[in-house]
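A.B. asks: I'd like to go over a predicted model; first the sequence, then the structure.
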Amino acid sequence: MTSLKTVIITGASRGIGRSIAELLANNGYNILINYNNSERIAFDLYNKLKSEGLSVKLFKADVSRRDEVCSMMEYCIKEFGSIDVLINNAGISQEKLFIDITDKDFDDIININLKGVFYCCQEALKYILPKKRGKIINISSIWGIVGASCEVHYSASKAGIIGFTKALSKELGPSNIQVNCIAPGIIKTDMLSSYTEDELSNLQNNTPLMRLGDPSDIASCALFLASSHSDFITGQIISPNGGFVI
Ligand code: NAP
């Protein structure tokens, strides 16, 4: 059986998504890098991987807009001929007291973090389902498992991804499509920019492996879940978190 070849990674301009794109491209996958606002660094990544002879394409789309997601899937089919693996990584976070969360704050988080996963899965499945082979990997968070104070809307969106993953895996299992979830611990990316040095060192000291995560810690997990080594795994929540949540 030929291996799954073409991967769409949402939110791959920066952080975890970028690291996943680099690792999978270097492991022989065709990669569609999705970005929304960070055009310059997305192009830098695209040019770097291209110059290394790797198979990459770039597409700007806001995952919270169905029309843009639909165009991205069409572009992937046009350029690579298939969609085999979808990695729903794009996400935003916000720290706020619960009583201060506005309707807009709540909608922004849900629309990008959760509805974006819904749009990407539905639009990609138009191409994946008829083949009866493919994989979906959704990026949740430890906060979707245990909840984070001052991040109620973010935690709700990430808990939603966990329920979404479990339900969809049951529905798609008979079609030979695995749906799994990665729930990262605290990973050093721009998303941590609101944390103080003290807060970060406190988090590190409360992590049994005594370090914060690197985006590459998540990328290696995504590589496994995208590969045939994970063919009997579906509906699972894998949490690379250094032991922070056990
Ligand atoms: P990051 O460095 O802030 O990167 C976020 C990425 O998401 C960027 O590439 C951004 O693209 C993209 N994005 C945001 N809104 C988008 C939209 N509407 N449409 C398309 N792309 C969009 O964050 P990160 O830490 O790598 O986070 C990646 C994922 O891991 C998120 O789902 C996050 O919730 C999750 N996570 C992170 C941590 C952590 O500690 N860092 C822990 C658990 C889970 P542009 O800049 O191009 O808009």
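C.D. replies: Nice, I can see it.
A.B. asks: so who does the nearest residue to Ser239 once chain neighbours are set aside touch?
C.D. replies: Spatially, and ignoring its direct neighbours in sequence, Ser239 is nearest to Ala183 (4.2 Å; Cβ to Cβ, 6 or more residues apart in numbering). C-beta here means a position set from N, CA and C on the backbone, and glycine is covered the same way. Counting by Cβ atoms under 8 Å, 6 or more residues apart in numbering, Ala183 touches Ile139, Ser140, Ser141, Ile142, Gly144, Ile145, Lys158, Ile162, Ile237, Ile238, Ser239, Asn241.
A.B. asks: any idea which of those is closest to the ligand?
C.D. replies: Nearest to the ligand among those, counting by Cβ to the nearest ligand atom, is Ser141 at 3.5 Å.
A.B. asks: sorry, back to before: of the contacts of Ala183, which belong to helices?
C.D. replies: In helices, judged by DSSP state H, the following of the contacts of Ala183 are found: Gly144, Ile145, Lys158, Ile162.
A.B. asks: just flag the most distant two among those.
C.D. replies: Greatest spatial distance in the ones in helices among the contacts of Ala183: Ile145 and Lys158, 8.1 Å, computed using Cβ to Cβ.
A.B. asks: tell me which of those two has more neighbours.
C.D. replies: Of the pair Ile145 and Lys158, Lys158 is the one with more neighbours under other Cβ atoms under 10 Å, namely 28 against 17.
A.B. asks: hmm, the more buried one is touching Asn113, no?
C.D. replies: Yes: if you go by Cβ atoms under 8 Å, Lys158 and Asn113 touch, sitting 6.8 Å apart.
A.B. asks: which residues are common contacts for those two?
C.D. replies: Joint contacts of Lys158 and Asn113 (Cβ under 8 Å, 6+ apart) do not exist.
A.B. asks: the ligand contacts on the chain?
C.D. replies: 10-11, 13-17, 34-38, 42, 62-64, 89-93, 112, 139, 141, 184, 186-187, 189-192 (Cβ under 6 Å from any ligand atom).
A.B. asks: just the ones of these in helices?
C.D. replies: Short answer: those in helices (DSSP H) are Gly15, Ile16, Gly17, Ala42.
A.B. asks: so how many other residues sit close to Ala148?
C.D. replies: Taking other Cβ under 10 Å as the definition, Ala148 ends up with a neighbour count of 15.
A.B. asks: doesn't it fall inside a strand?
C.D. replies: No: applying DSSP: H, G, I helix; E, B strand; the rest coil, one finds Ala148 to be coil, outside a strand.
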